[in-house]
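Enquirer: okay, here's the prediction I keep looking at, along with the sequence it came from:
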Amino acid sequence: MKILAVSDKVASELYVPEMHKRLAEVDLIISSGDLPWYYLEYLVTVLRAPLFYVIGNHGLEVRQDENGRIIYPGGCVNLDGRVVRVKNLLLAGLEGSRRYNDRPFFQYTEEEMMWKVIRLMPRLFWNRLRYGKYIDVLVTHAPPYGIHDGTDLCHMGFKAFLKFIEKFRPRYLIHGHQHIYRPDTPWRTRYRDTIIINAYGYKVLELR
């Protein structure tokens, strides 16, 4: 399965018609957060592939109408706190980053994120019984603790994600949040049986 993974940066290359031809066979689009709603709507419209996303700590994916109602990206599916099956691929999502200021949304303490993981567990165990596996891909905004993360509180990863990997053994964890500015910065790392991918900008992945 060919997946376009995006996060944190609007990639001007994806607006070029030649790129549309290159990505014509994309089966699935995954956004790991902090991308504006109009960009997600553009991708799902042009590539005509299902798009699943989690919201980043800046909440760029949502907007308010004139009546103050929250509007989410059209044609896209918010994956936070959900487990879904798409073309035989089992996906789960966890939004946000570590709590680093007093904003009320899209930031979590380590304990709060662990509770979000726990709330996923009934469906994960059901997957194990039904499909013989817990999960294929965990989509997050923040990275796991100690892998692709930063040292400041905002960019520090979650230990809850390490525990998730150790227990449920996803094939992939796709995250964003940590920007990549140097070509030698690692963006693909294996931990236990899981390949961890920083989707900053965009990555085209072949999942087998």
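Expert: That came in fine, so what should we check first? The model shown is predicted, which means the values in this text are computed figures rather than measured ones. Numbers count the residues shown, from 1 in each chain.
Enquirer: pLDDT below threshold where in the protein?
Expert: For the chain, no stretch has pLDDT under 70.
Enquirer: go with 80
Expert: Low-confidence segments of the chain, defined by pLDDT under 80: 104, 208.
Enquirer: list the buried residues in stretch 72-79.
Expert: 73, 76, 77, 78, 79 (16 or more other CB atoms under 10 Å). Quick note: C-beta positions are derived from backbone N, CA and C, even for glycine.
Enquirer: buried set for stretch 199-208?
Expert: Buried residues in stretch 199-208, counted by 16+ other CB under 10 Å: 199, 200, 201, 202, 203, 205.
Enquirer: what separation is there between the most centrally placed residue in the chain and residue 146?
Expert: By CA atoms, centre = their mean, the chain has its centre lying nearest to residue 32, at 2.9 Å. According to CB to CB, to the nearest Å, residue 32 and residue 146 sit 18 Å apart.
Enquirer: just give the closest residue to residue 180, not the sequence neighbours.
Expert: residue 200 (4.6 Å; CB to CB, 6 or more residues apart in numbering).
Enquirer: that neighbour contacts residue 178, doesn't it?
Expert: Yes: shown here, residue 200 and residue 178 form a contact pair, counting by CB atoms under 8 Å, at 6.9 Å.
Enquirer: contact partners of the longest helix seen in the chain?
Expert: Of all the segments of type helix in the chain, defined by DSSP state H, the longest one is helix 110-131. The contact list for helix 110-131, computed with CB atoms under 8 Å, 6 or more residues apart in numbering, reads 81, 83, 85, 90, 92, 94, 96, 98-99, 108, 133-135, 158-161, 163-164, 168.
Enquirer: next: stretch 191-198.
Expert: For stretch 191-198, using CB under 8 Å, 6+ apart, the contacting residues are 5, 7, 143-144, 147-148, 162, 165-166, 169-176, 178, 180, 186-190, 203, 205.
Enquirer: would you list the buried entries among these?
Expert: Using 16+ other CB under 10 Å, the buried members of the contacts of stretch 191-198 are 5, 7, 143-144, 147-148, 162, 165, 170-176, 178, 180, 189, 203, 205.
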